[in-house]
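[1] Sequence plus the predicted model coming up.
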Amino acid sequence: MQIQCLKLTPAIYQMTVDFGIGGNSHSGSDMPVIVGEGRVIAWRVTRSITYYCTSRTPGGNTPAPSPPTSSVSSHLDAPLPSPSYSLSTPFISDMPSPPTVSSTLTPSSSDVPILSPSSPSSSPRPLLLLFPWLGARPGAIAKYRDLYLERGLDILSVESTVWHFLWPRWGLEYGAEVLEVLGDPRFKGRPLLVHAFSIGGYTFTQLLSQMVREPHKYPGMAQQVVGHVYDSMVVGSLEHMAKGLGKTLFPRIEPLVRYTAMLYFWLFKSQTVHYYDNSVQVFYNSPVTAPAVFFFCENDALCDPVAMEAAIYFWRKRGIAVETRKWKESVHAAHLRCHPEEYLSTLETFLISLNM
């Protein structure tokens, strides 16, 4: 089944170049948008949110929805009291410029692929919220993306920047932006599965923070989440994270990096540490109580295994079903590459248990 496109906007065409897609050499109104090994629709919802779907699911010809529009308005309330642990520095592979919030690239109705009408009686297709690690390359993310596309899920890939962490108010605004997208009629009410890597767990927590701050604005959103997966969650004290940051990025000058990071946190404590502590409290007491699975290792400089075990224990005490896969040695955000059989087996068992 070929997907015919009326036309591609410059933004969508540029995305095909950025992602190394566009399998045909010809151009024009009939050029398919190809991702990976199969024929997949892909377009940008905003400059940092990308939507992926296949032309049909394994069970039939259920078409994907049109891309959403998004207008962002966030209300930042006072932070909540602090918990004992802090989400902290993400794995940083580059230092992007500060984000421009709500810089939406919105295709018109003539810009999107033409699909067959959906059946009124068909159930909504599940949607994966994918939160990649910072600086993740398309080729690396494609392995995870294909796992879910093959299972009939659409994907909303939500990228993070270091500025969402270093200045948490931007992270909260970004969380509101993502929730605005999820509230679009084309996504509203669809079952949600979350898969977050590294800083992606922090970004997802910003969505949770907004849901807790304004529950009347996002009714039923937490109940839409049927499961969540955390890979290499960044967790631990700020000092532990600052040390991990130095070891990961600049091992030769790790003490200097650690000192500089701690100085920044101290100088801007009211705008950083207080928000981080609030984020951890929200995560510990997450409004999402669906089953979860955690992938982590003991030698990860950005994940304190003691703090990770404490969070897992707390969730289990709350009655949340939590599975874990821990390795003595592995690589941050690369457990699938280091331990493919164990990773895939654990993930497959978890997905089967969700009965999606």
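    Thanks, I have it.

[2] contacts, neighbours, all on C-alpha from now
    Noted.

[3] which intervals of the stretch 101-250 of the chain have sub-threshold pLDDT?
    101-122, 248 (pLDDT under 70).

[4] Please, where are all the strands along the stretch 51-200 of the chain?
    Remark: strands assigned in the stretch 51-200 of the chain by DSSP state E, counting those that start in this stretch are 113-114, 127-131, 154-158, 192-197.

[5] what does stretch 210-222 contact?
    The contact list for stretch 210-222 (CA atoms under 8 Å, 6 or more residues apart in numbering) reads Asp77, Leu172, Gly175, Ala176, Leu179, Gly183, Val282, Pro287, Val288, Thr289.

[6] which residues touch the last one?
    Contacts for Thr289 (CA under 8 Å, 6+ apart) come out as Ala222, Ile320.

[7] How much space separates it from Phe283?
    Distance, Thr289 to Phe283, by CA to CA, to the nearest Å: 11 Å.

[8] Also the fifth one?
    Distance of Leu179 to Phe283, given as CA to CA: 17 Å.

[9] Out of the contacts of stretch 210-222, which is nearest to Ser198?
    Nearest to Ser198, judged by CA to CA, of the contacts of stretch 210-222 is Gly175 at 16.1 Å.

[10] Which residue is the nearest non-sequential neighbour of the closest one?
    Counting by CA to CA, 6 or more residues apart in numbering, Gly175 lies nearest to Leu207, which is 4.4 Å off, once chain neighbours are set aside.

[11] Please look at that neighbour and Val181 and confirm they touch.
    No: applying CA atoms under 8 Å, one finds Leu207 not in contact with Val181, separated by 11.6 Å.

[12] Check which helix or strand Ser353 maps to.
    Element membership of Ser353 [criterion: DSSP states H and E] is helix 340-354.

[13] Quick check: buried residues in that helix?
    For helix 340-354, a neighbour-count test (16 or more other CA atoms under 10 Å) marks Tyr343, Thr346, Leu347, Phe350, Leu351 as buried.

[14] Take that helix, keep the C-alpha atoms, and write them as CSV.
    Backbone C-alpha positions of helix 340-354 (Å, rounded to 0.1, in the frame of the first residue of the first chain) are rendered in CSV as follows:
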residue,chain,number,x,y,z
PRO,A,340,20.0,-7.1,23.5
GLU,A,341,18.5,-10.5,24.5
GLU,A,342,17.7,-9.6,28.1
TYR,A,343,16.4,-6.1,27.1
LEU,A,344,14.1,-7.3,24.4
SER,A,345,12.8,-10.2,26.5
THR,A,346,12.0,-8.0,29.4
LEU,A,347,10.3,-5.4,27.2
GLU,A,348,8.4,-8.0,25.3
THR,A,349,7.1,-9.6,28.5
PHE,A,350,6.1,-6.2,29.8
LEU,A,351,4.2,-5.2,26.6
ILE,A,352,2.4,-8.5,26.6
SER,A,353,1.3,-8.0,30.2
LEU,A,354,-0.3,-4.7,29.1
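
[15] now it against strand 192-197, angle please.
    Helix 340-354 runs at 160 degrees relative to strand 192-197, counting by axes from the mean of the first three to the mean of the last three CA atoms, to 10 degrees.

[16] Contacts only, for Glu341.
    Contacts of Glu341 were listed using CA under 8 Å, 6+ apart, and none were found.

[17] how much space between it and Glu348?
    10 Å.

[18] next one: Thr205
    For Thr205, the distance to Glu348 - CA to CA - is 24 Å.

[19] can you check Ala42 too?
    According to CA to CA, Ala42 and Glu348 sit 25 Å apart.

[20] if you go through the protein in chain order, where are the helices?
    Along the chain, counting by DSSP state H, helices occupy 10-18, 138-149, 162-166, 168-182, 199-213, 221-224, 238-249, 254-267, 273-284, 305-317, 335-338, 340-354.

[21] Let's have the ones you listed in CSV, adding distance to Pro126.
    Output for these, formatted as CSV (distance: least, CA to CA, whole Å):
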stretch, distance to Pro126
helix 10-18, 24
helix 138-149, 10
helix 162-166, 27
helix 168-182, 12
helix 199-213, 18
helix 221-224, 10
helix 238-249, 35
helix 254-267, 39
helix 273-284, 23
helix 305-317, 25
helix 335-338, 23
helix 340-354, 12
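
[22] Among the ones you listed, which comes closest to Leu192?
    Closest to Leu192 of the helices of the chain is helix 221-224 (CA to CA; 5.6 Å).

[23] Buried residues of the closest one, list them for me.
    Met221, Ala222, Gln224.

[24] show me what contacts the last one?
    It stands for Gln224. Gln224 neighbours (CA under 8 Å, 6+ apart): Gly189, Arg190, Pro191, Leu192.

[25] need the contact list for the second one.
    For Arg190, the residues meeting the contact criterion (CA under 8 Å, 6+ apart) are Pro124, Arg125, Pro126, Leu127, Gln224.

[26] Near the third one, how many residues? Count them for me, please.
    A count of neighbours around Pro126, defined by other CA atoms under 10 Å, yields 21.

[27] Also the fourth one?
    Counted with other CA under 10 Å, the neighbours of Leu127 add up to 26.
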